[in-house]
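> Here's a sequence, model it:
(2 chains)
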There are 2 protein chains.
Amino acid sequence: MASKIALLQANPTVGDIAGNAERISSMAQIAVEHGANCAISTELAISGYPPRDLLFQQDFVEKCQVQATSIQSSIPILVGTPVKAKDSRSRPGNGAIRCGEANREVVRKQLLPTYDVFDEARYFDPDERPGIARTFGDLDIAVTICEDAWQHSGKTPVDYDSDPISQIVEWCRQGVDLDATVNLSASPYHATKAGVRIEVARTAAKSLGHPFLLANQVGGNDDLLFDGRSLIAWPDGQVLVGPAWKEGVLIADLSGPDNSEWIGEGVMTLLKPDENLIFPEDDILDAVVTGLSDYCRKSGINKIVLGLSGGIDSAVAACIASCAVGPENVTGLSMPSRHSSDHSISDATDTAKALGINFEIIGIENMHKCSESTLENLLENGHPVAGENLQARLRGLIVMAHANANGAMAIATGNKSELGQGYCTLYGDMAGGYAPIGDLYKMEVYGLAESFNQRLGKDVINQSTMTKPPSAELAPGQKDEDSLPPYPILDEILRHHIEHGLDATEIIATGQDEKTVNDVLKRLSSSEHKRWQMAPAPRVSKRAFGQGWRQPLAARHDWRG
Amino acid sequence: MASKIALLQANPTVGDIAGNAERISSMAQIAVEHGANCAISTELAISGYPPRDLLFQQDFVEKCQVQATSIQSSIPILVGTPVKAKDSRSRPGNGAIRCGEANREVVRKQLLPTYDVFDEARYFDPDERPGIARTFGDLDIAVTICEDAWQHSGKTPVDYDSDPISQIVEWCRQGVDLDATVNLSASPYHATKAGVRIEVARTAAKSLGHPFLLANQVGGNDDLLFDGRSLIAWPDGQVLVGPAWKEGVLIADLSGPDNSEWIGEGVMTLLKPDENLIFPEDDILDAVVTGLSDYCRKSGINKIVLGLSGGIDSAVAACIASCAVGPENVTGLSMPSRHSSDHSISDATDTAKALGINFEIIGIENMHKCSESTLENLLENGHPVAGENLQARLRGLIVMAHANANGAMAIATGNKSELGQGYCTLYGDMAGGYAPIGDLYKMEVYGLAESFNQRLGKDVINQSTMTKPPSAELAPGQKDEDSLPPYPILDEILRHHIEHGLDATEIIATGQDEKTVNDVLKRLSSSEHKRWQMAPAPRVSKRAFGQGWRQPLAARHDWRG
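Take a look at the predicted model:
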């Protein structure tokens, strides 16, 4: 008899306990139809990951656990769910329950990541050993949850006290006979870390001497993205990887890749022992579209509205919106002012037409003049930034009026480079419920524009938009480069500091100009108050502004020199 | 010789390493002048609490440690500081360094709170035992850090594996001779938890059989408030408590309360063994004024601007601002629309005059008409909320124009009840860098208004403002009660759920109407997206919106029934 384990790569909705259970049930049925002996869900598949403070609701953990155990199936399923605290002075566990033929708790997560976007020590108590499920569809398997598998390959930011994979290796050495080790994961996406999860799996399989299987969550929940790419790694170094950004069932045949299959859209990738995974060039496109699409679907939002300035950022945001909810549900607003150039309107029109989205031109001159008349004294005698921001805020007000009138969600179109410099207007262009490119540096936005043009088979973003110098157009002849370093340089400095934690001295040592570096870091620091009020953005990097970026707001004056 | 320990109740600025060291130095000098043998700083006094992700900056921990060890004094000082990780795969410690006569690390915190606003497992590795400082100004003392002392009295939300106070008790039982146990704290303020810290200290002193001393941080850092109230507790149950909301030095004489003194503004409170602390009725007034005042001072903000609607919320916010930065630095803007009642302007004028703040009336009718003309089609055919929000957003735009023109900070005037219901306009009345009453329920705002009238010796908030029915005045005849339950009921439902974690069934069981409860919780849940973009608010309750409130945004539809 073949030994087939089904990995249920699901896209759960946080909080939708009944819907998530239904999803697991129907995917398990697919597994049955394709001859799987048993099935493995993703981490916290019943609650969705991350459930955050829902775990503090007295009834939430209990509801999850009850719903998980009520799942019926002709093959056993391991279902990830919060499990009850051991007593009234403890926290719940991040566990897995065996359901289907018999209900029983199998494991609680041992290693609780508490860094970056993870807060698991806030919510869970750890356990001390991995789980074992015996005669689990005729198999004996060891069970780990996400981070549990990572210590073994040294891929965690700091060391834990224990190493669950080594514990299983030790059991095997002592004569425990296991067919495989499985891992229930909700392992987020990092655009620059394609190979890390593969290395973790390969290292585990090699140490264990039997197949290591990982079922990973897919889709977006709030600002977090999960790419799926569930996998099976064999001790010889081969790894079979499921597709990204799609729900589906990976029927993993323990004997080798040939008899394994993927039930769903997309195709699997087989990595030879000396190969690692490389993300396709347009992976970020799918990432950010998934983020916005899932945010809208899970929040009951059908329509999107955004300002279309004729610039690259809003053009790319329009592409994302169009792919996320369909062009017929997107409205782009061109809102020219007296400082807008001709190409502002024509380039915006081009993109809107090419995408097939709704498009309106609403000049702001009347509102601008009227506001200037009301605020005459203020604008004449105050700092000129008041007059510049006025225009951005009138546009924010129009976009929000459209959103409120039509039940649409406004999206903010800022990128990570400008948000990181405070080169944006709070309640102006920062207005919106979601910031689809808020975790992409400016030069990455250009790359994404090219990906959209290729994917959609035409220049939805025209050459004028791609090549003109970026400008906020809030004052005559204004260019971004008047206030900021050229974007290739700015992006590199920001990336050094934000993603790699280099301080000013270390960044200057890489060859960057001293004054430029100090100015960039000072602007980053002093614009923290704006980012406190920034909309969620789909997280594609190691450190995105938002839940994973916890800087103090005030008084950052002395420590960066 | 007398045995006097000085508790340095300081108000550090997060990130201002040099300034904080200077503050400790000068306070230690006061301690010397008043005959103290030694001095104890607050927790992380060098970095300020909470330093958040500054702890990830490669050079930050090192700079803190170097600065702490460089402090010179003729008496030994225990200085709270981040201390270096034990190796490259570990986290730093939350420690205390002995400086003055000799430099040496004494302790690292054992119990790392990771709940509510605390994220210490994210930043620190724990140690396994308390510290001991011997011949520390002729004394032998045990040293603990904040949470370390709390497990012993069972006042932590969940149990830790160890109890540092019991460890010290065990040492004493084994013959270790100690004069006192000290605790370096950054223990935040909760308006409803006056007695808890006292109980913790009293329980510790009783178990230890020697005095227990706690030096607590004072002041605001971002959204966190610390009330100070450093203390010494004796084994007989007496507790001497320093003043709140003021920097100062508590010279604690171990022999008893009579020879102890407070150097600074305010007076100490001596609690007899059967007494507990009761906060004065106007404690919240000092709390929120401290919050805004410190936020401004530490961010280099001198001026504040706000909208004055004539309602209770903005009137109270104006009082807070006036006390925080001085009336001459506050500008109130009355921005009447066609829906404003006559008393809107007269009541706002009354408050502004009584406070002596700057005051301007800027009617929005012209901008309103002009916007309606530009957006005619949208407003005529869309949801009426678009037209209502338009007015709130025009006001937000005017307040922000004022802020930008004059280098002031706008403050948002919403309270916790309306923010909790989404009964507020994103980018409208929610606009501002800080929300001084954002953690106060509506009925608490009325109480605070009375406190201000008493404190300032005149009706800065007039009777009309105090008694008229709350209204957003965005539509003809509109009243809050048309959309929300009466505030006493709303506040009680929200408090049950937010502060005490009751679910709908449990709240209904307290006697509240079923439909009202379900409606309130549904609005709370579905307005999460607004609170993601809310300005920081001084935290006076157990669970304030902001860093301590981590709800998922999307898809909260099924779990609350």
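> Look at residue A:179 and report its pLDDT.
You'll see residue A:179 listed with a pLDDT of 97.
> So in chain A, where's the weakest helix or strand by average pLDDT?
helix A:480-483 (a mean of 89; mean pLDDT, DSSP states H and E).
> Tell me which residues of the biggest helix by length in chain A come out buried.
Longest helix in chain A, counting residues (DSSP state H): helix A:385-406. Residues of helix A:385-406 classed as buried by neighbour count (16 or more other Cβ atoms under 10 Å in any protein chain shown): A:386-406. (C-beta placed from N, C-alpha, C; glycine too.)
> what angle do it and helix B:385-406 make?
170 degrees (axes from the mean of the first three to the mean of the last three Cα atoms, to 10 degrees).
> Could you spell out the sheet neighbours of the helix or strand just after helix A:385-406, each with its direction?
Sequence-wise, the next helix or strand downstream of helix A:385-406 (DSSP states H and E) is strand A:409-410. Strand pairing for strand A:409-410, determined by DSSP bridges: strand A:304-307 (parallel).
> what does the average pLDDT come to for the strand it pairs with?
So the average pLDDT for strand A:304-307 ends up being 98.
> Next, give phi and psi for the most centrally placed residue in chain A.
Central residue of chain A (Cα atoms, centre = their mean): residue A:225, 2.3 Å from the mean position. For residue A:225, the backbone dihedrals (degrees, to the nearest 10) come out as phi -120, psi 140.
> Relative to residue A:50, how far out is it?
Computed as Cβ to Cβ, to the nearest Å, the residue A:225 to residue A:50 distance reads 12 Å.
> Not counting sequence-adjacent ones, nearest residue to residue A:117?
residue A:548 (3.9 Å; Cβ to Cβ, 6 or more residues apart in numbering or on different chains).
> thought that neighbour was touching residue A:119?
No - checked against Cβ atoms under 8 Å, the pair residue A:548 and residue A:119 is beyond contact range at 9.9 Å.
> Provide the count of other residues in contact range of the residue nearest to residue A:117.
20 (other Cβ atoms under 10 Å in any protein chain shown).
> The spatially closest residue to residue A:169 that is not a sequence neighbour - how many residues pack around it?
Nearest residue to residue A:169 in three dimensions, chain neighbours excluded: residue A:207, at 5.2 Å (Cβ to Cβ, 6+ apart). Neighbour count for residue A:207, taken as other Cβ under 10 Å: 19.
> does residue A:207 really touch residue A:167, like I thought?
No - in terms of Cβ under 8 Å, residue A:207 does not count as a neighbour of residue A:167; the distance is 11.0 Å.
> before we move on, the earlier item: quick check, the residue nearest to residue A:169 in a strand?
No - the assignment for residue A:207 (DSSP: H, G, I helix; E, B strand; the rest coil) gives helix, which keeps it out of a strand.
> Residue A:310 and residue A:38: what is the separation?
Taking Cβ to Cβ, one finds residue A:310 at 55 Å from residue A:38.
> Flag the shaky bits of chain A, pLDDT-wise.
Low-confidence segments of chain A, defined by pLDDT under 70: A:1, A:101-102, A:554-561.
> domain ranges for it?
A:4-279, A:285-480 (automatic domain parsing).
> Within range of chain B, give me the residues from the stretch 101-250 of chain A.
Residues of the stretch 101-250 of chain A found near chain B (Cβ under 8 Å from any Cβ of the partner chain) are A:114, A:115, A:119, A:121, A:122, A:125, A:158, A:159, A:221, A:222.
> Report the secondary structure state of the closest residue to residue A:493 other than its chain neighbours.
Once flanking residues are discounted, residue A:493 sits nearest to residue A:520: 4.8 Å by Cβ to Cβ, 6+ apart. Three-state assignment for residue A:520 (three-state DSSP): helix.
> Help me confirm that residue A:520 comes into contact with residue A:422.
No - the pair residue A:520 / residue A:422 is not scored as a contact, 11.1 Å apart, by Cβ under 8 Å.
> higher neighbour count, these two?
residue A:520 (26 against 17).
> what's near enough to touch the more buried one?
Listed by Cβ atoms under 8 Å, 6 or more residues apart in numbering or on different chains, the contact partners of residue A:520 are A:421, A:485, A:490, A:493, A:494, A:497.
> can you pull the contacts of the last one?
Right, the one you point to is residue A:497. A:503, A:507, A:520, A:521, A:524.
> ranking those by neighbours, who comes first?
residue A:520 (26 neighbours).
> Next one: that one from residue B:66, what distance?
26 Å.
> Also residue A:114?
For residue A:114, the distance to residue B:66 - Cβ to Cβ - is 27 Å.
> Tell me which of these two has more neighbours.
residue A:114 (22 against 14).
> isn't the more buried one right next to residue B:121, touching?
Yes - taking contacts as Cβ under 8 Å, residue A:114 lies within contact range of residue B:121: 4.5 Å.
> Common neighbours of those two, please.
A:121, A:122, B:114.
> List the residues that contact the last one.
So the one you mean is residue B:114. Per Cβ under 8 Å, 6+ apart, neighbours of residue B:114: A:114, A:119, A:121, A:122, B:120, B:121, B:122.
> Which ones among those residues lie within helices?
A:121, A:122, B:120, B:121, B:122.
> element containing residue A:132, please.
strand A:131-136.
> what does whichever helix or strand comes after that strand contact?
Tracing the chain past strand A:131-136, the next element assigned as helix or strand by DSSP H and E is strand A:139-145. Residues outside strand A:139-145 that contact it (Cβ under 8 Å, 6+ apart): A:3, A:5, A:37-38, A:43, A:78, A:80, A:94-96, A:106-110, A:130-134, A:164-165, A:168, A:171, A:177-185, A:208, A:254.
> Take the domains of chain A and write them to CSV, including distance to residue A:514.
Output for these, formatted as CSV (distance: least, Cβ to Cβ, whole Å):
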stretch, distance to residue A:514
domain A:4-279, 27
domain A:285-480, 18
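> For chain B, see how far away residue A:390 is.
The spacing between residue A:390 and chain B, counted by Cβ to the nearest Cβ, to the nearest Å, is 6 Å.
> was I right about that residue contacting residue B:401?
Yes - between residue A:390 and residue B:401 a contact is recorded at 5.7 Å, counting by Cβ under 8 Å.
> Could you name every residue contacting both of those two?
Counting by Cβ under 8 Å, 6+ apart, the residues touching both residue A:390 and residue B:401 are A:371, A:375, A:379.
> quick one, phi psi at the first one?
Dihedral pair for residue A:371: phi -70, psi -40, per degrees, to the nearest 10.
> Run a quick neighbour tally on the closest residue to residue A:344 other than its chain neighbours.
In space, residue A:344 comes closest to residue A:310 once its chain neighbours are excluded; the distance is 3.7 Å by Cβ to Cβ, 6+ apart. A count of nearby residues for residue A:310, using other Cβ under 10 Å, gives 26.
> For residue A:310, give its distance to residue B:399.
Residue A:310 is 29 Å from residue B:399, by Cβ to Cβ.
> Whichever strand or helix holds residue A:168 versus strand A:139-145: what angle between them?
Assigned by DSSP H and E, residue A:168 belongs to helix A:164-173. If you take the same axes, to 10 degrees, helix A:164-173 sits at 160 degrees to strand A:139-145.
> the inter-axis angle of helix A:164-173 versus strand A:131-136?
50 degrees.
> Okay, buried residues for the helix or strand that comes right after helix A:164-173 please.
Remark: after helix A:164-173, the chain's next helix or strand is strand A:180-185, criterion DSSP H and E. For strand A:180-185, a neighbour-count test (16+ other Cβ under 10 Å) marks A:180, A:181, A:182, A:183, A:184, A:185 as buried.
> Is the last one bridged to anything, and to what?
When you say that, I think you mean residue A:185. residue A:216.
> list the contacts for it?
A:42, A:43, A:145, A:146, A:214, A:215, A:216, A:217, A:230.
> which among those residues gets closest to chain B?
Nearest to chain B among these: residue A:217, at 14.1 Å, using Cβ to the nearest Cβ.
> thinking that closest one is in contact with residue A:41, fair?
No - between residue A:217 and residue A:41 there is no contact under Cβ under 8 Å: 9.2 Å.
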